[in-house]
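Participant: no FASTA, just this:
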């Protein structure tokens, strides 16, 4: 088997392996950021919800009670 044939067979396979590793790392990085972003949104949302509940309990006359 000569070197040119080996290069035509091995280099595309090696290129696919390297591209797959790079794509897997990029997808992992993106999903990690999406997870932390969703976690941050959930924490902020729960904080705002809790704040509105506490504010509603502490206020003497809430305007929401007057609505039907």
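Facilitator: Received it, and whenever you're ready, just let me know what you need. Everything quoted here is computed from the prediction, not taken from an experiment.
Participant: just to confirm, which helix or strand has the residue nearest to the spatial centre of the chain in it?
Facilitator: The residue lying closest to the centre of the chain (Cα atoms, centre = their mean) is residue 34, at 0.9 Å. In the assignment (DSSP states H and E), residue 34 maps to helix 3-58.
Participant: how near is the residue nearest to the centre of the chain to residue 27?
Facilitator: The spacing between residue 34 and residue 27, counted by Cβ to Cβ, to the nearest Å, is 10 Å. Just so you know, the C-beta spots here come from the backbone N, C-alpha and C atoms, and that holds for glycine as well.
Participant: Equivalent analysis for residue 11, please.
Facilitator: Separation of residue 11 from residue 27 (Cβ to Cβ) stands at 24 Å.
Participant: same check, this time on residue 2
Facilitator: 38 Å.
Participant: Those two: which has the busier surroundings?
Facilitator: Shown here are residue 2 and residue 27; by other Cβ atoms under 10 Å, residue 27 has more neighbours (10 against 6).
Participant: Tell me where this protein is predicted with low confidence.
Facilitator: Along the chain, the model assigns pLDDT under 70 to residues 1, 60-68.
Participant: and with 50 instead?
Facilitator: For the chain, applying pLDDT under 50 flags the ranges 67-68.
Participant: can you give me how far the helix holding residue 34 is from the chain middle?
Facilitator: Offset of helix 3-58 from its chain centre (Cα atoms, centre = their mean, to the nearest Å): 5 Å.
Participant: counting contacts, what elements does it pack onto?
Facilitator: Contact here means 3 or more Cβ pairs under 8 Å, 6 or more residues apart in numbering; DSSP states H and E; on that basis helix 3-58 packs against no helix or strand.
Participant: re earlier: which ones are touching the residue nearest to the centre of the chain?
Facilitator: By Cβ atoms under 8 Å, 6 or more residues apart in numbering, residue 34 lies in contact with nothing.
Participant: Look up how far residue 55 lies from it.
Facilitator: 31 Å.
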